[in-house]
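Asks: Using only what follows, build the 3D model:
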Amino acid sequence: MPGFLFHLLEGQMIIDKLNIDKALSNDFIEGFMFGCIVPDATNNKELTHFRPLWQKELITKYPDMNYIFEKYMNTKLSPCDLGILAHLQLDSLYVKEFWDKHFVFEAKDNSRTNVHKCIDHVRLPDSGACIPYSEFFTDKYFYGDYDILNPVIYNKHKPYIPKEAEYPRDKISIIECRDYDEAIISNYIYGFDTSDTIYADSEIPGTKVLNYKSLMDFLDNTAAEFINQIYRRYR
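Replies: Next comes the predicted model:
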């Protein structure tokens, strides 16, 4: 799933797009951006991510947005709730659209499969390279790219970081996300590289499986999609 800075950057993109029409209050921004990281601030992500049972054996697990919309169709949502929906929508589109375009999970016979126990390797359509599945989600590849991109995202884009590690739980209507862990939120807020390196586009460190430009384009598109499909539904 996207790292927490990916979620905050998409949240910042949403705020920036909304501010074009009408300036948002500081309370809205704080609550919304807090919500953008709440679903991951738990030891029980199965509860907060609304993944249907039929995905249990798949590597491509993602939130069921239609189920969430139906459950909270007539609920008045707080800024934090809207941030939670932005998080969940990004998770869903990250797997269904970004992964599907840039990573192909294959069995030994090179047939496509998303069933965890059947995957042998991961093919990168952009380059044609194949990576052993046992190595793909490690610091050598996927999560190693997160380590490279996180300081780039923070220093180049400066997404809004929530000021507090707590948000009033009674203002969160998406009840599955009320029981968040303040310690995890604190680690998100304070536990990352805050060096002030300035990156020009030509100086962004090389990555192995996550393309920076493709990722930025994807986040910008998901931000616009959130406004059109979710924000306008509830506001």
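Asks: what kind of secondary structure is the nearest residue to residue 76 once chain neighbours are set aside in?
Replies: What sits nearest to residue 76 in space, not counting adjacent residues and going by CB to CB, 6 or more residues apart in numbering, is residue 173, at 6.8 Å. Glycine gets a C-beta too; all of them are placed from N, C-alpha and C. When classified by DSSP: H, G, I helix; E, B strand; the rest coil, residue 173 comes out as coil.
Asks: how about residue 173, what does it touch?
Replies: Under the criterion of CB atoms under 8 Å, 6 or more residues apart in numbering, the contact list for residue 173 reads 72, 75, 76, 77, 78, 81.
Asks: ok, now how distant is it from residue 38?
Replies: 12 Å (CB to CB, to the nearest Å).
Asks: Name all residues that make contact with the nearest residue to residue 224 once chain neighbours are set aside.
Replies: Nearest non-adjacent residue to residue 224, counting by CB to CB, 6+ apart: residue 17, 6.6 Å away. Contacts here follow CB under 8 Å, 6+ apart; on that basis residue 17 touches 223, 224, 227.
Asks: quick one, longest helix in this protein?
Replies: For the chain, the helix reaching the highest residue count under DSSP state H is reported as helix 4-21.
Asks: now the helix or strand just after it: mean pLDDT?
Replies: Counting by DSSP states H and E, the next helix or strand C-terminal to helix 4-21 is helix 26-35. Per-residue pLDDT values across helix 26-35 average out to 96.
Asks: worst-scoring helix or strand of the chain, pLDDT-wise?
Replies: Sorting the helices and strands of the chain by mean pLDDT, DSSP states H and E puts helix 232-234 at the bottom, at a mean of 87.
Asks: Please work out how many residues are found near residue 90.
Replies: Using other CB atoms under 10 Å, residue 90 has 28 neighbouring residues.
Asks: Next, the angle helix 4-21 makes with the one helix or strand it maps to.
Replies: When elements are defined using DSSP H and E, residue 90 is found to belong to helix 79-93. Angle, helix 79-93 to helix 4-21, by axes from the mean of the first three to the mean of the last three CA atoms, to 10 degrees: 120 degrees.
Asks: now the angle between helix 26-35 and helix 79-93, please.
Replies: Angle between the axes of helix 79-93 and helix 26-35 is 40 degrees (criterion: the same axes, to 10 degrees).
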